[in-house]
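Student: Okay, here's the prediction I keep looking at, along with the sequence it came from:
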Amino acid sequence: MATADTSEVNRKSEENPAAGCSCKSNNDVKEASTQTDTKVQGYGPRLSKVNLFTLLSLWMELFPKNKSQLTNGNKITQVCRFKTRITGLVVVQDRNVIGLHCSSAELHVGQIAVVKHGPRLKGCDLYFSRKPCSTCLKMIINAGVSRISYWPGDPELSLLLHAEGARGSGADAQAVPSCQEAALDAVAAERLKSNSRSHICILLQPLASCMQQFVEETSRRCDFLETVSGDDPCADAAELFGEQRRRSLEKFTGVFFVPDERRHRDLLAKMGLENFCMEPYFSSLRQHMRDLIGVLASVASSIPDLRQGYGFYLKDPAQVSRGPSQGLSQEIARHCIIQAGLLAYRTEDPKVGVGAVIWAEGKSGHCDGTGNMYLVGCGYNAYPVGSEYAEFPQMDDKQQDRRSRKYRYIIHAEQNALIFRSAEIKEDENTMLFVTKCPCDECVPLIRAAGIKQIYTTDLDSGKDKHDISYLRFDRLQGVQKFIWQRNSPAGCMSDPVIPQSLPNGCVQNHERETEEDLCCKRQRL
Ligand SMILES: O=c1ccn([C@H]2C[C@H](O)[C@@H](COP(=O)(O)OP(=O)(O)OP(=O)(O)O)O2)c(=O)[nH]1
């Protein structure tokens, strides 16, 4: 669809979030209308699917990279002949996420999608964290994708960086040809877009005014931060969260936002988004971008980074010898649990959102920016698909009448991740579940039977029995390695944690996924 349609769609979506999705079914209308409703008292607002997928694409752009993928110190790869920004991608089929990817040292993320999904891309919706270059666009259009949405910042083939280089002192010999290439690519991408049957557009939906505050408050009170306060009553979890959020916000704004309005307008015009350059569309677009970046910062801050001395460590260190030889690096484990944290904001539970993501380590196929890891499935706790609002009981265990309680109706996050998984769980691979709440007694046997080898979670609820839902079996679960978010030293020695290279199994290894942050942290400690 042509760009003119895109701005029209976006304008409509500001009036009615359903319009931006070009969705017609009742389900779609129901979903879109809950985007901005706070519903009844006690309910929080939900993220729309469109915003969730957009946020996941941004987050995937930040998937921890190994050293060879961090050239030039600014997360720019040398994919093809020209400087390219790492890009995140979410592949959605029938409204379910079937792929989470990011550019690798060798391939653009659009190319990775073609390699990984091939003909399965037909009819899919793709959410990119940057406008894909023409090399990728021509292939994914030809694959017959239904919709391509991208974040309206600097595109994959960076127009900002090249412009900067060209204006600079000439230190970068590649800058001028790259600048011309980037401009040519933008023109080609536009031509492809206007002749494409795929709908290529910006799918940002305005957040409810209370959404930012809701995400901030619930993130601050999550199980992960409660563990910190539980360990040390003097620890100020709110302050820790505030500090983490400030840092995340600064970092994400630097990566995803274009602070200079003139340059942002210029960039939008080059990407064929002239309609967004006009007021009031330009200001509201920037506000939506800022709001979503704020949500991402809050969710990411709900799991403090390793500097705080916490990470995912084996509950029972004796399990090291009984499971897959190594746990993931702390950075990747944290990244995946934050993916689950984002999914939790699609919950239909009036009180508690839970998100779950299942990843596997494949035996081959290292072309993705996620290394050999591939997505198996993801989910959040919700009532059966297609159920109408308030069709099922919603009360919790404090309600005397047990018939009014929600527990027999809500499908748990892990259950949905298994039900809607897009890949099989293979016996000979390490399949890992990341879930934001301790698995309950209903889920524990499912997880084990499904062949999950490792669980990354919090055990704050472990041992609780609320009658309609209990958490007694998790502790007894055998045959699955349990990596619990906890202080890295059992002795509580936070002043000297073995942070940057520590693996969740408690081993210390010189693993290759050491990043800038790790190195910086290490330097600070020397
Ligand atoms: O493994 C699990 C466990 C629970 N849930 C979801 C199901 C339900 O939607 C919610 C129940 O959470 P909780 O046990 O906290 O019950 P509550 O009654 O909502 O909260 P409270 O702790 O105040 O009793 O969490 C999952 O998705 N996966």
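Tutor: Sure, I can see it.
Student: what bits of the stretch 201-350 of the chain have low per-residue confidence?
Tutor: 317-325 (pLDDT under 70).
Student: Any idea which residue of it lies closest to the ligand?
Tutor: Distance from the ligand to each residue of the stretch 201-350 of the chain (Cβ to the nearest ligand atom) is smallest for Asp349, at 3.6 Å. The way it works is simple: take the backbone N, C-alpha and C, and place the C-beta from them, glycine included.
Student: Give me the phi and psi angles of the spatially most central residue of the chain.
Tutor: In the chain, the residue lying closest to the centroid (Cα atoms, centre = their mean) is Leu56, at 3.1 Å. Backbone torsions for Leu56, taken as degrees, to the nearest 10, come to phi -60, psi -40.
Student: what does the stretch 401-526 of the chain have sitting close to the ligand?
Tutor: 410, 412-414, 437, 439-440, 443, 466, 469 (Cβ under 6 Å from any ligand atom).
Student: Show me what the helix or strand harbouring Trp359 pairs with in its sheet, parallel or antiparallel.
Tutor: Assigned by DSSP states H and E, Trp359 falls within strand 355-361. Its sheet considered, strand 355-361 pairs with strand 373-380 (antiparallel), strand 430-435 (antiparallel) by DSSP bridges.
Student: average pLDDT for stretch 154-169?
Tutor: Mean per-residue pLDDT for stretch 154-169: 73.
Student: next one: stretch 86-100
Tutor: 96.
Student: could I get that stretch in CSV with only the CA atoms?
Tutor: Taking Å, rounded to 0.1, in the frame of the first residue of the first chain, the C-alpha atoms of stretch 86-100 are listed here in CSV:
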residue,chain,number,x,y,z
ILE,A,86,21.4,-3.8,13.8
THR,A,87,17.7,-4.3,13.5
GLY,A,88,15.2,-6.3,15.5
LEU,A,89,12.3,-8.2,14.0
VAL,A,90,9.2,-9.9,15.2
VAL,A,91,7.4,-12.4,12.8
VAL,A,92,3.7,-12.8,13.5
GLN,A,93,1.5,-15.4,12.0
ASP,A,94,-2.2,-15.5,12.8
ARG,A,95,-1.6,-13.0,15.6
ASN,A,96,1.0,-15.3,17.2
VAL,A,97,4.7,-14.6,17.4
ILE,A,98,6.6,-17.2,15.5
GLY,A,99,10.0,-15.6,15.3
LEU,A,100,12.1,-13.1,17.3
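Student: buried sites along that stretch?
Tutor: Neighbour-count burial for stretch 86-100, counted by 16 or more other Cβ atoms under 10 Å, picks out 86-93, 95-100.
Student: that older thread, want to throw the strands paired with strand 355-361 into CSV with mean pLDDT?
Tutor: Listed next are these as CSV, based on pLDDT from 0 to 100:
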stretch, mean pLDDT
strand 373-380, 97
strand 430-435, 98
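Student: could I get those strands as CSV with mean neighbour count?
Tutor: Converted to CSV, those look like this (neighbours: other Cβ atoms under 10 Å):
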stretch, mean neighbour count
strand 373-380, 24
strand 430-435, 26
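Student: Of these, which is nearest Val187?
Tutor: Distances from Val187 to each of these were compared by Cβ to Cβ, and the smallest falls on strand 373-380, at 33.9 Å.
Student: The next helix or strand after the closest one packs against which elements?
Tutor: Using DSSP H and E, the helix or strand that follows strand 373-380 in sequence is helix 413-419. With contacts taken as 3 or more Cβ pairs under 8 Å, 6 or more residues apart in numbering; DSSP states H and E, helix 413-419 sits against strand 355-361, strand 373-380, strand 430-435, helix 444-450.
Student: Grab the nearest non-local neighbour of Thr347.
Tutor: Among residues not flanking Thr347 along the chain, Gly353 sits closest, at 3.4 Å (Cβ to Cβ, 6 or more residues apart in numbering).
Student: And Cys336, by the same measure?
Tutor: Nearest one to Cys336, counting by Cβ to Cβ, 6+ apart, is Phe434 at 4.3 Å.
Student: For that neighbour, give me its contacts.
Tutor: Residues near Phe434 by Cβ atoms under 8 Å, 6 or more residues apart in numbering: 333, 336-337, 339-340, 356-359, 455-457.
Student: mind putting the strands paired with strand 355-361 in CSV, distance to Ala237 included?
Tutor: Conversion of the strands paired with strand 355-361 to CSV gives the following (distance: least, Cβ to Cβ, whole Å):
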stretch, distance to Ala237
strand 373-380, 24
strand 430-435, 21
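Student: hang on, the earlier thing: look up how far the ligand lies from the residue nearest to Thr347.
Tutor: Gly353 sits 8 Å away from the ligand, going by Cβ to the nearest ligand atom, to the nearest Å.
Student: quick one, strands of this structure?
Tutor: Along the chain, counting by DSSP state E, strands occupy 76-77, 84-85, 88-93, 96-102, 125-128, 147-150, 199-201, 310-314, 355-361, 373-380, 430-435, 454-457, 481-487.
Student: Show me what the third one pairs with in its sheet, parallel or antiparallel.
Tutor: I take that to be strand 88-93. strand 96-102 (antiparallel), strand 125-128 (antiparallel).
Student: what about these, which gets the closest to Tyr383?
Tutor: Nearest to Tyr383 among the strands paired with strand 88-93 is strand 96-102 (16.4 Å), distances taken as Cβ to Cβ.
Student: For the closest one, what is the distance to the chain centroid?
Tutor: Relative to the mean C-alpha coordinate of its chain, strand 96-102 is positioned 10 Å out (Cα atoms, centre = their mean, to the nearest Å).
Student: related to what we said a few turns ago, could you work out which of the helices and strands packed on helix 413-419 reaches nearest to Asn195?
Tutor: The nearest among the helices and strands packed on helix 413-419, by Cβ to Cβ, is strand 373-380 at 31.5 Å.
Student: does the closest one come close to the ligand?
Tutor: No: using Cβ under 6 Å from any ligand atom, strand 373-380 never reaches the ligand; the gap is at least 7.4 Å.
Student: circling back: my guess is the residue nearest to Thr347 contacts Ala340. True?
Tutor: No: shown here, Gly353 and Ala340 do not form a contact pair, counting by Cβ atoms under 8 Å, at 10.1 Å.
Student: Who has more neighbours out of those two?
Tutor: Ala340 (28 against 25; other Cβ atoms under 10 Å).
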